[in-house]
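1. Coordinates for the following, if possible.
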Amino acid sequence: MIKFLEDLFLIILRIFPAEVSKNITLRFLKLIYKLKLIGAFASNNVEESKINIKNLSFKNRIGIAGGLDKNAKYFHIFSSLGFGFVEVGTVTLEPQSGNPKPRIFRFTKDKTLVNSLGFNNAGSVQVLKNIKKYKPMFDGILGISIGKSKNTKTKNAWQDYLHLMDYFYLDADYLAINISSPNTEKLRELSNRENLQFLMEKISQKKSQLIDMHKQTIPIFVKLSPDESDDNLKNIIYISEKNNIDGFICCNTTTEHSYPNSGGMSGAMLSKKAENLLKKIAKIKQEKSILIASGGVMSANDVKLRLSNSADLVQLYTGYIYHGNFLLKKALKISSS
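-> Got it, this is the predicted structure:
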């Protein structure tokens, strides 16, 4: 019965524009959480396999990717549904409205989305308030994705990231450095060798300062673009690891698509590209570096392939939008087997 209701709800949502559908879904989840009905939809009948990564205890390997809960208002609800970790954001220092609407485009036949959101978020102050409000109700690992503001010049981007590290360090279980979104102008310039070297050195220095100050350490991951050349991918991994980055999130959306709308493509049409990128990274990276697979995870088989190709953790986003908790349940079964 629950599966039928979920399927019906997903069908009805497709009547509305994609961004409206997303907001309706999040508000619906908040409502059933408040009414204490979330258990009926939760994947709590799956035997979970806990895993320790970088001194963090994950109740399972399946998480929510950055971008779904931009303002940290729903992460506690996702953990109640069964997710082992949730990445909120991407968060910028100041509030941003993002790019003009419409900015999410649904291609249902292909199980694909194209978005040009542009880091729309409530800003670091409000997001931290939300985290402190909802974290007592949260049972999982909390990642916070951070990015430079739209109006910050490339040469000054390091200041944004360091301020955000300062601000969220004590409330995040890990931080994700987003330098790969295609929807913030010139953001991907940060992955160029010279810019990246400078940024990673600054991040490494700040991390050391924060460890000394707070006597605790949290992992820092870099989120990669699927559109990097092989040579630049090697540079990114080498420079990041040299500067004590703990791992990589593979991957963000791609601009290499034939859809009529500009922006980054996610979903089924990204799946093969993301899988191939994961294989490349696994061959290049140091053994100690963690790999989080994200992008094009649309089925239980996709989860299985990511884990078999050296992913330590797997994130859902577009697959979850199209398939709901049915995909989460299947993913949890595969990841715990």
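2. Distance check, residue 309 against residue 111.
-> 21 Å (C-beta to C-beta, to the nearest Å). To be clear about C-beta, it is placed using only N, CA and C from the backbone, and glycine gets the same treatment.
3. same check, this time on residue 58
-> 27 Å.
4. Do I have it right that residue 79 meets residue 86?
-> Yes. Using C-beta atoms under 8 Å, residue 79 is in contact with residue 86, at 6.3 Å.
5. Now list whatever residues contact both of these two.
-> 138, 140 (C-beta atoms under 8 Å, 6 or more residues apart in numbering).
6. Between those two, which has more neighbouring residues?
-> Ranked by neighbour count (other C-beta atoms under 10 Å), residue 79 and residue 86 place residue 86 first, with 27 against 23.
7. just to revisit the earlier point, name the residue in residue 309 and residue 111 with the higher neighbour count.
-> Taking other C-beta under 10 Å, residue 309 and residue 111 do not tie; residue 111 has more neighbours (20 against 17).
8. Now residue 58, what are its backbone angles?
-> Backbone geometry at residue 58, expressed as degrees, to the nearest 10, gives phi -90, psi 130.
9. Check what pLDDT residue 43 gets.
-> With respect to pLDDT, residue 43 scores 74.
10. Helix, strand, or coil at it?
-> Secondary structure state of residue 43, per DSSP: H, G, I helix; E, B strand; the rest coil, is coil.
11. Can you tell me the closest non-neighbouring residue to it?
-> Nearest non-adjacent residue to residue 43, counting by C-beta to C-beta, 6 or more residues apart in numbering: residue 82, 3.4 Å away.
12. That neighbour and residue 333 touch, don't they?
-> No. Contact criterion C-beta under 8 Å: residue 82 and residue 333 do not qualify, at 11.0 Å.
13. quick one, which of those two is more surrounded?
-> Shown here are residue 82 and residue 333; by other C-beta under 10 Å, residue 82 has more neighbours (22 against 15).
14. And the more buried one, how close does it get to residue 59?
-> 9 Å.
15. Likewise for residue 192?
-> Residue 192 is 38 Å from residue 59, by C-beta to C-beta.
16. These two: who's more crowded?
-> residue 59 (18 against 14).
17. Quick one: the helices in the stretch 101-250 of the chain, in order.
-> Secondary structure of the stretch 101-250 of the chain (DSSP state H, counting those that start in this stretch): helices at 124-134, 157-168, 193-214, 230-242.
18. Can you name every helix or strand that the first one contacts?
-> Read it as helix 124-134. Where contact means 3 or more C-beta pairs under 8 Å, 6 or more residues apart in numbering; DSSP states H and E, helix 124-134 is packed against helix 75-81, strand 85-91, strand 141-146, helix 157-168.
19. mind saving the C-alpha coords of the second one as CSV?
-> So that's strand 85-91. Extracted in CSV, the C-alpha atoms of strand 85-91 (Å, rounded to 0.1, in the frame of the first residue of the first chain):
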residue,chain,number,x,y,z
PHE,A,85,24.5,10.5,6.0
VAL,A,86,23.2,13.7,4.5
GLU,A,87,25.2,16.5,2.8
VAL,A,88,23.6,19.9,3.0
GLY,A,89,24.3,23.0,0.9
THR,A,90,26.1,24.1,-1.1
VAL,A,91,26.3,27.1,1.3
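20. Relative to that strand, what are the paired strands and their orientations?
-> Paired strands of strand 85-91, with direction, are strand 62-64 (parallel), strand 141-146 (parallel) (DSSP bridges).
21. Could you check the angle that strand makes with helix 124-134?
-> Angle, strand 85-91 to helix 124-134, by axes from the mean of the first three to the mean of the last three C-alpha atoms, to 10 degrees: 160 degrees.
22. picking up where we left off before, can you tell me which of the helices and strands packed on helix 124-134 is nearest to residue 119?
-> Minimum separation from residue 119 across these (C-beta to C-beta) falls at strand 85-91, 5.2 Å.
23. tell me the mean pLDDT over the closest one?
-> 98.
24. Run the angle between it and helix 157-168 for me.
-> Going by the same axes, to 10 degrees, strand 85-91 makes 130 degrees with helix 157-168.
25. going forward can the numbers begin at 144, since that is how I track them
-> Renumbered: residue one is now 144, and that last one reads strand 228-234.
26. What lies in contact with strand 228-234?
-> 201, 206-210, 212-215, 218, 221-222, 262, 264, 266-267, 270, 274, 281, 283-290, 307, 311, 316, 319, 321, 324, 456, 458.
27. please redo it, this time with the cut-off set to 6 Å
-> 201, 206-209, 212, 215, 218, 221, 262, 264, 267, 270, 283-284, 286-290, 319, 321 (C-beta atoms under 6 Å, 6 or more residues apart in numbering).
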